[in-house]
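S.K.: Sequence first, then the predicted structure, then my questions.
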Amino acid sequence: MKHSRQRTLHRLGIFCGVAAALWLAGAEAPTKLVTVSVSPLVISFMMVFGAFISRWSLPAVIRGTSDTFADARQVPHLVVWGVMAGCLWAVGNTLTIFAVKDIGLSLAFPLWNSNSLVGILWGTLLFKELHRAGWLRKAGVVGGAMVIFTGAALLSSASTSEAVHGDPYRGIAAALGAGLMFGSMYIPYRKAYITGMNPLTFLTFFTFGEMTTVALLAIVFLGGPAALWRELVANRAILFWPALGGFMWVVGDLFQNYATKYVGISRGIPLSNTNQLWGLLWAIFVFRELHGLTGNVYVEVIGGSALMAAGAVAIASSSASENEYSSWQEAAQREVNLYGIDPNYVVARMAGHELKSHRGTRTPTDWLFVAGAVFIFSALGAMARVPEMEIGMGWLATLSLAMLVVLVAGGVALWRITKFS
Amino acid sequence: MRWRAIFRDVHFWVPFIVLLVGLALLRLVA
């Protein structure tokens, strides 16, 4: 791959990491409109349900479902990793629910946010990321991730203050377990992208593992399918909000996956973990959550935000060197040898190019998926009630506009540079 | 396509074992 192409892909990956942070933070916003007491398992189920239908309809719009299956036929073994990543996410997310119940968000969040450090460990050990990188670049990435982690801890202690009376050891174990699940979920991500798979294809299979596991866990913990259905019917007025969150989360996750593909997990994941910074903007300005902050909390908020931004800049400027790229290529060659994949496919896809034989077109089935998704969202929307709460409309419009601008800019850049490959 | 290679691949076993650990942990904390 030419050096200029590497630089372009690096910039694209960094932009996708930042865009992912913005959209992943926005995805949490609709769930804040759920003001009545609903089981977190139901909210998690609906968010995943919204993500499931979006993940089948968005790829259908962007490249066509036939393209997804054509891509999967090149590397069918990766379907196993797609499903496994979905299972890991679902178990991790359920662990976060129990962690928050026991030790509260302020302690649980930084613990499971350690996932980016776990990701760096796996990226280095299993995929030769940061191998042969100079000391300055290694320090930039690892130091940047540590700084973001510290900033995240400061922000969470500033933004939450709930009193929780659970078993602290059980809560800490659950939060660390969630960090391990989320951090290890990036192994399948990187596995897919070192081989060159399209993120749209990977996420389609991811949703199967995710939806199945979340549905099973909700059924087990709520006491059977009838109990889950009863909960859904009883709370039908709020189901739209987590489903909308799921849709936004898919956009964020797509950006996160493109970031993972083009800059690796050690750079992409810490960047998308800065979503907490944007989440804080939503909390303070849109939902007016942190009234009357004390001086101490201001210091934590400003200090935490500055640390996160500094960490992100350190990572963004630590681009992969020529030597590190050759280590990535060695990791890709391992896949070619082990699974007997067409080397042309791997080389072309790694560089964000298409093989000529793989241009898919949209079929009536694709439009059926899109129409189905629109119908489900419209039906949930028709049942939804907007709760009476104080919302900063100006800030809501500003943040939504920022997300749209980033979406359009990211979409155009991905199309121009990689054709969404 | 060499399907059996999956079982010789450390990239399969690491997340798979982590997933089993997660499920066991969930059983403990729930």
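M.R.: Everything's here; your move.
S.K.: list the contacts for residue A:45?
M.R.: Residue A:45 makes contact with A:214, A:215, A:218, A:228, A:232, according to C-beta atoms under 8 Å, 6 or more residues apart in numbering or on different chains. In short, each C-beta sits where N, CA and C put it, glycine included.
S.K.: Is the second one within a helix or a strand, and which one?
M.R.: Yep, that's residue A:215 we're talking about. Element membership for residue A:215, per DSSP states H and E: helix A:199-222.
S.K.: Return the set of buried residues in whichever helix or strand comes after that helix.
M.R.: Sequence-wise, the next helix or strand downstream of helix A:199-222 (DSSP H and E) is helix A:225-234. Going by neighbour count (16 or more other C-beta atoms under 10 Å in any protein chain shown), the buried part of helix A:225-234 is A:228, A:231, A:232.
S.K.: What is the nearest of those to residue A:346?
M.R.: Nearest to residue A:346 among those, counting by C-beta to C-beta, is residue A:228 at 42.2 Å.
S.K.: you'd agree the closest one is up against residue A:222?
M.R.: Yes: using C-beta atoms under 8 Å as the test, residue A:228 is close enough to residue A:222 to be in contact (5.1 Å).
S.K.: what is in contact with these two at once?
M.R.: Among the neighbours of residue A:228, those also in contact with residue A:222 (C-beta under 8 Å, 6+ apart) are residue A:42.
S.K.: Now residue A:340, what are its backbone angles?
M.R.: Residue A:340 adopts backbone torsions of phi 60, psi 40, taken as degrees, to the nearest 10.
S.K.: Next one, pLDDT for it please.
M.R.: As predicted, residue A:340 sits at a pLDDT of 89.
S.K.: What about it, how many residues nearby?
M.R.: Around residue A:340 sit 12 other residues, with neighbours defined as other C-beta atoms under 10 Å in any protein chain shown.
S.K.: what does residue A:142 give?
M.R.: 20.
S.K.: Quick one: classify it as helix, strand or coil.
M.R.: Secondary structure, DSSP: H, G, I helix; E, B strand; the rest coil: residue A:142 is helix.
S.K.: who in chain A is up against chain B?
M.R.: When proximity is defined as C-beta under 8 Å from any C-beta of the partner chain, chain A approaches chain B at A:76-77, A:80-81, A:84-85, A:87-88, A:91-92, A:94-95, A:98-99, A:102, A:122, A:126, A:170-171, A:173-174, A:177, A:180-181, A:184-185, A:187-188, A:191, A:217, A:221, A:338-341.
S.K.: Would you mind checking the residues you listed for buried ones?
M.R.: Neighbour-count burial (16+ other C-beta under 10 Å) applied to the residues of chain A next to chain B gives A:77, A:80-81, A:84-85, A:87-88, A:91-92, A:94-95, A:98-99, A:102, A:122, A:126, A:170-171, A:173-174, A:177, A:180-181, A:184-185, A:187-188, A:191, A:217, A:221, A:339, A:341.
S.K.: gap between the closest residue in space to residue A:321 that isn't next to it in sequence and residue A:319?
M.R.: Nearest residue to residue A:321, sequence neighbours excluded (C-beta to C-beta, 6 or more residues apart in numbering or on different chains): residue A:133, at 5.8 Å. Using C-beta to C-beta, to the nearest Å, we find residue A:133 at a distance of 10 Å from residue A:319.
S.K.: Residue A:303 now?
M.R.: For residue A:303 relative to residue A:319 (C-beta to C-beta), the value is 28 Å.
S.K.: For residue 11, give me its contacts.
M.R.: Reading this off chain A. For residue A:11, counting by C-beta under 8 Å, 6+ apart, there are no contacting residues.
S.K.: was after chain B, sorry
M.R.: Shown in contact with residue B:11 (C-beta under 8 Å, 6+ apart): A:81, A:126, A:187, A:191.
S.K.: Off-centre distance for the helix or strand where it lies?
M.R.: Taking DSSP H and E as the criterion, residue B:11 maps to helix B:10-29. The chain centre lies 6 Å from the centre of helix B:10-29; the measure is C-alpha atoms, centre = their mean, to the nearest Å.
S.K.: buried set for it?
M.R.: B:11, B:12, B:15, B:16, B:18, B:19, B:22, B:23, B:25, B:26, B:29.
S.K.: I am assuming the third one contacts residue A:182, so please confirm or correct that.
M.R.: Okay, so that is residue B:15. No: judged on C-beta under 8 Å, residue B:15 makes no contact with residue A:182 at a distance of 11.5 Å.
S.K.: joint contacts of the two?
M.R.: Common neighbours of residue B:15 and residue A:182 (C-beta under 8 Å, 6+ apart) are residue A:88.
S.K.: Skipping its backbone neighbours, what lies nearest the spatially most central residue of chain B in space?
M.R.: Against the mean C-alpha coordinate of chain B, by C-alpha atoms, centre = their mean, the closest residue is residue B:16 at 0.7 Å. Excluding the flanking residues, the one nearest residue B:16 by C-beta to C-beta, 6+ apart is residue A:84, at 6.6 Å.
S.K.: So that neighbour: helix, strand or coil?
M.R.: helix.
S.K.: what are the phi and psi values for residue A:131?
M.R.: Dihedral angles (degrees, to the nearest 10) for residue A:131: phi -70, psi 140.
S.K.: how much space between it and chain B?
M.R.: 16 Å (C-beta to the nearest C-beta, to the nearest Å).
S.K.: That residue and residue A:325 touch, don't they?
M.R.: No: look at residue A:131 against residue A:325 with C-beta under 8 Å: they stay out of range, at 10.4 Å.
S.K.: quick one on the thing from earlier: may I see the buried residues of the helix holding residue A:215?
M.R.: A:199-215, A:217-219, A:221-222.
S.K.: Then stretch A:318-327?
M.R.: Applying 16+ other C-beta under 10 Å to stretch A:318-327 flags A:318, A:319, A:320, A:321, A:324, A:325, A:327 as buried.
S.K.: Now do the same contact list for the first one.
M.R.: The one in question is residue A:318. A:133, A:136, A:137, A:138, A:140, A:141, A:144, A:267.
S.K.: what's the closest non-adjacent residue to the fourth one?
M.R.: To tie it back to what came earlier, the one meant is residue A:138. Residue A:138's closest residue in space is residue A:130 (C-beta to C-beta, 6+ apart), at 5.4 Å.
S.K.: One more: the fifth one?
M.R.: Distances taken as C-beta to C-beta, 6+ apart put residue A:318 closest to residue A:140, at 3.2 Å, once the chain neighbours are dropped.
S.K.: And the one you found, how far from residue A:134?
M.R.: Using C-beta to C-beta, residue A:318 is found at 9 Å from residue A:134.
S.K.: same check, this time on residue A:220
M.R.: 49 Å.
S.K.: same question, residue A:379
M.R.: Where residue A:134 is concerned, residue A:379 sits at a distance of 55 Å (C-beta to C-beta).
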